[in-house]
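Student: curious how this folds, go ahead:
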Amino acid sequence: MIGQLTNHLWQSTLFAAAAGLLTVAFRKNGAKVRYWLWFSGSVKFFVPFALLMSLGSHLGWAPVAKAVATPAVSLAVEQIAEPFPDAFPAPVAPKRADWIPISLFSLWVCGLASVAAMRVRGWRRIRSAVRSSAAIAIPAAVEVRSAPGLIEPGVVGLLRPVLLLPAGIAQRLTPPQLEAVLAHELCHIRRRDNLLASIHMMVEALFWFHPLVWWIGARLLEERERACDEEVLRLGSEPHVYAEGILNVCKLYLESPLACACGVTGSNLKKRIESVMTNRTVYSLGLGRKLLLALAGATVLAGPIVTGLLYTPTGRAQAQAPKPEFEVASVKPTPAGTRDFRFRPTDHGIDASNVPLDRFILFAYNLKNFELTGGPDWIHREDYDVSAKSPANASGNQIRPMVQALLANRFKLAVHHETKVLPIYALVPGKGKSKLHEVKEPRPDDGTFRAGRGHLSGQGVTMQDLVDMLAGQFDAIVVDQTGFGGKYDIALEWTPDTVAVGGNDREPAPDPSGPSLVTALSEQLGLELKPSKGPVDILVIDRVEKPSEN
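Tutor: Next up is the predicted model:
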């Protein structure tokens, strides 16, 4: 979450910097154009680019899914045994609060409350001034009211704005000066400046900790007042009369308490007076500059969307891509009393007998037991016989997606991925000398495992191959942190903590006085397992039904 917020703040900062560069390019095209450029930089804090990228990913096409690779290690299963969850139980770590995000959130809430309190205080002053005011007969497009006290002329209200004037202002300004000041305020109303200012105030409240937000606020105020000045002069007011009116208002009402209203004395007064007196020509936007603005806007909106179009998450792409299917497939419940267990995935299809559905799902998605969750209890208890033939030109790595398609068609299987914090283990070198036998020369049987109840052997296997096998035994992710990069012959003998179910009854039971798997790793291979916890990608079963008739 913190990383996503940081990324969003960087994007908003770069966007605001780009808006600032554009204001330099459009410096001769009037404050109105520059104001909207700065305002776009403010609003960007509300709109993360990730939303636009997500929109693009949902509108985009899905590339052809890559076939799921088969494991590099071939496995000859002598006997199917239940996993050994108690062989190395992970200690239950006490649940501790992470005080860093809690502290940051608390600090943000305090800042938000402070900014909100400041705005509420300003709003209450405005409400008090409006309540104490009285309507006056000045022709204008909105209601005009006179308020007692040293308040400056200003526009208050969002949906139904009111022009609030200090009592006696008509006697303190000449008629041309008053007319110019009223024109300035009416310009604020036409531009909906109070509504736009309130939007930026929300940005300031939510992102009070970002100095760029407050700097943008100062630029918005400056360009807002200059835009109204340019409009007043365009309507025919004399520059020196208008400048004198601004100065007189500042002298009489400099201590105005209406900080949340659009008045006439905002921005840098010296620069404003210089700009009014020089009355520089404001050039209209030519075709080239209009195209530049259109290109910039299109880039801001279309860039993230195009990125989302081009980057479609792998899982979604695979979900959209059609999966290859078997030519012929037969799925039947295993007859009662059947003891033979058979599961043979080959390049030509599937030959399975007496296999529960969860085993098919694990194979189809290349998962370990702990990586699958959800679904009714019968997927673990009820066994099925499956015979399926793949197309003649099918390769071995297409069998898994074919099984996925079979499960979706016959069992109506629907799944999704989640991330959960689960026990994980790190395989590290032991304290003593390594007992691994490294293979120097390649052999035909390299990369093969033979596993049974209480024993495991491998010829020319890597440490990654070993941790993949251990993950199945411990029903948890095992990470290779040994640093051993060669190939090794290994042999492990241990006493499992659970009784095997099914399989070959002629296989002798392991010696009950033998070592545990953890001890065997240490004594026989010189390796150790360190328990921990970490995020694990889990496949969740959303829906599954018993198969229809063939």
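Student: could you list every residue that touches Glu231?
Tutor: Residues near Glu231 by CB atoms under 8 Å, 6 or more residues apart in numbering: Ala183, Cys187. C-betas here are computed from N, CA, C, even on glycine.
Student: again with Thr174
Tutor: Thr174 touches Val241, Gly245, counting by CB under 8 Å, 6+ apart.
Student: where's it relative to Gly245, distance?
Tutor: Computed with CB to CB, to the nearest Å, the distance linking Thr174 and Gly245 is 8 Å.
Student: check Leu521 too.
Tutor: From Leu521 to Gly245 the distance is 88 Å (CB to CB).
Student: more neighbours: which of the two?
Tutor: Neighbours of Leu521 and Gly245, each counted by other CB atoms under 10 Å, are more numerous for Gly245; the result is 26 against 23.
Student: skipping adjacent residues, who's closest to the more buried one in space?
Tutor: Gln177 (3.4 Å; CB to CB, 6 or more residues apart in numbering).
Student: does that neighbour belong to a helix or a strand, and which?
Tutor: helix 175-191 (DSSP states H and E).
Student: contacts for the one helix or strand Glu204 maps to next, please.
Tutor: If you go by DSSP H and E, Glu204 is part of helix 193-206. Contacting residues not belonging to helix 193-206 are listed as 39, 42-43, 45-46, 112, 115-116, 119, 155-158, 161, 188, 213-214, 216-217, 220, 224, 228, 260-262 [CB under 8 Å, 6+ apart].
Student: so for it, what gets flagged as buried?
Tutor: Using 16 or more other CB atoms under 10 Å as the test for burial, helix 193-206 gives Asp193, Asn194, Leu196, Ala197, His200, Met201, Val203, Glu204, Ala205, Leu206.
Student: repeat that for stretch 447-462.
Tutor: For stretch 447-462, by 16+ other CB under 10 Å, it's 447-449, 451-462.
Student: Lys546 in helix, strand or coil?
Tutor: The three-state assignment at Lys546 reads coil, by DSSP: H, G, I helix; E, B strand; the rest coil.
Student: show the model's pLDDT score for it.
Tutor: Here the pLDDT value assigned to Lys546 is 91.
Student: what is the neighbour count of it?
Tutor: For Lys546, using other CB under 10 Å, the count is 14.
Student: ok, now which ones touch it?
Tutor: Trp378, Glu382, Phe411.
Student: ok, so of the residues you listed, who is nearest Val355?
Tutor: Glu382 (10.2 Å; CB to CB).
Student: that closest one reaches Asn354, doesn't it?
Tutor: No - between Glu382 and Asn354 there is no contact under CB atoms under 8 Å: 10.6 Å.
Student: neighbour count winner among the two?
Tutor: Using other CB under 10 Å, the more surrounded residue of Glu382 and Asn354 is Asn354, with 17 against 13.
Student: any idea how far Val33 is from Val43?
Tutor: Taking CB to CB, one finds Val33 at 16 Å from Val43.
Student: contact partners of stretch 413-428?
Tutor: 88, 90, 315, 361, 365, 370, 407-408, 463, 466-467, 470, 474, 476-482, 521, 527-544.
Student: give me the helices and strands touching the biggest helix by length in the chain, please.
Tutor: Counting residues, the longest helix in the chain under DSSP state H turns out to be helix 99-131. Judged by 3 or more CB pairs under 8 Å, 6 or more residues apart in numbering; DSSP states H and E, helix 99-131 is in contact with strand 143-147, strand 154-156, strand 162-166, helix 193-206.
Student: residue ranges with poor pLDDT in the stretch 451-550 of the chain?
Tutor: For the stretch 451-550 of the chain, applying pLDDT under 70 flags the ranges 497-512, 549-550.
Student: in it, which spans are helices?
Tutor: Using DSSP state H, counting those that start in this stretch, the helices of the stretch 451-550 of the chain run over 463-474, 517-520.
Student: would you reformat those helices as a markdown table and include distance to Trp99 and mean neighbour count?
Tutor: Output for these, formatted as a markdown table (distance: least, CB to CB, whole Å; neighbours: other CB atoms under 10 Å):
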| stretch | distance to Trp99 | mean neighbour count |
| --- | --- | --- |
| helix 463-474 | 32 | 21 |
| helix 517-520 | 34 | 18 |
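Student: indicate which one of those helices is closest to Leu269.
Tutor: helix 463-474 (70.9 Å).
Student: secondary structure element holding the most far-flung residue of the chain relative to its centre?
Tutor: Most distant from the centre of the chain: Gln171, at 60.3 Å, with distances by CA atoms, centre = their mean. Mapping Gln171 onto the secondary structure by DSSP H and E places it in helix 169-172.
Student: in that helix, what counts as buried?
Tutor: For helix 169-172, burial by neighbour count (16+ other CB under 10 Å) applies to Ile169.
Student: packing partners for it?
Tutor: helix 239-252.
Student: so Gly349 makes contact with Ile399?
Tutor: Yes - because the distance of 7.5 Å satisfies CB under 8 Å, Gly349 is recorded as touching Ile399.
Student: neighbour-wise, which of the two wins?
Tutor: Ile399 (25 against 22).
Student: and that one, which of the three is it?
Tutor: helix.
Student: that one touches Ile350, doesn't it?
Tutor: Yes - at 7.1 Å, Ile399 counts as touching Ile350 under the criterion of CB under 8 Å.
Student: low-confidence ranges, the stretch 51-200 of the chain, go.
Tutor: 51-98, 150.
Student: repeat that for the stretch 301-450 of the chain.
Tutor: 301-323, 393-396.
Student: where do the helices sit along it?
Tutor: Going by DSSP H, counting those that start in this stretch, the stretch 301-450 of the chain shows helices at 314-320, 357-364, 378-381, 399-410.
Student: what's across from Ser387 in the sheet?
Tutor: Counting by DSSP bridges, Ser387 forms beta bridges with Ser330, Asp351.
Student: OK, contacts around it?
Tutor: Contact analysis of Ser387 by CB under 8 Å, 6+ apart lists Ala329, Ser330, Gly349, Ile350, Asp351, Ala352.
Student: same check, this time on Ala116
Tutor: Contacts of Ala116 (CB under 8 Å, 6+ apart): Ala205.
Student: one step back: can you put the contacts of Ser387 in TSV and add distance to Ser133?
Tutor: Formatted as TSV, the contacts of Ser387 follow (distance: CB to CB, whole Å):
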residue	distance to Ser133
Ala329	83
Ser330	87
Gly349	87
Ile350	84
Asp351	90
Ala352	86
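Student: among those, which ones are buried?
Tutor: The buried subset of the contacts of Ser387 (16+ other CB under 10 Å) comprises Ala329, Gly349, Ile350, Ala352.
Student: could you dump these into a markdown table and include distance to Leu14?
Tutor: Output for these, formatted as a markdown table (distance: CB to CB, whole Å):
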| residue | distance to Leu14 |
| --- | --- |
| Ala329 | 54 |
| Gly349 | 54 |
| Ile350 | 53 |
| Ala352 | 55 |
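Student: just flag the most distant two among these.
Tutor: Greatest spatial distance in those: Ala329 and Ala352, 11.1 Å, computed using CB to CB.
Student: what do these two both touch?
Tutor: Val386, Ser387.
Student: in space, what's closest to Ala476 - neighbours in sequence excluded?
Tutor: Ala476 sits nearest to Pro423 (CB to CB, 6+ apart), 4.8 Å away.
Student: same question for Arg219.
Tutor: Trp38 (4.8 Å).
Student: also Ala16?
Tutor: Gly41 (3.7 Å).
Student: how far away is Gly430 from Glu274?
Tutor: 79 Å.
Student: okay, these two: which has more neighbours?
Tutor: The residue with more neighbours, out of Gly430 and Glu274, is Gly430; 15 against 12, by other CB under 10 Å.
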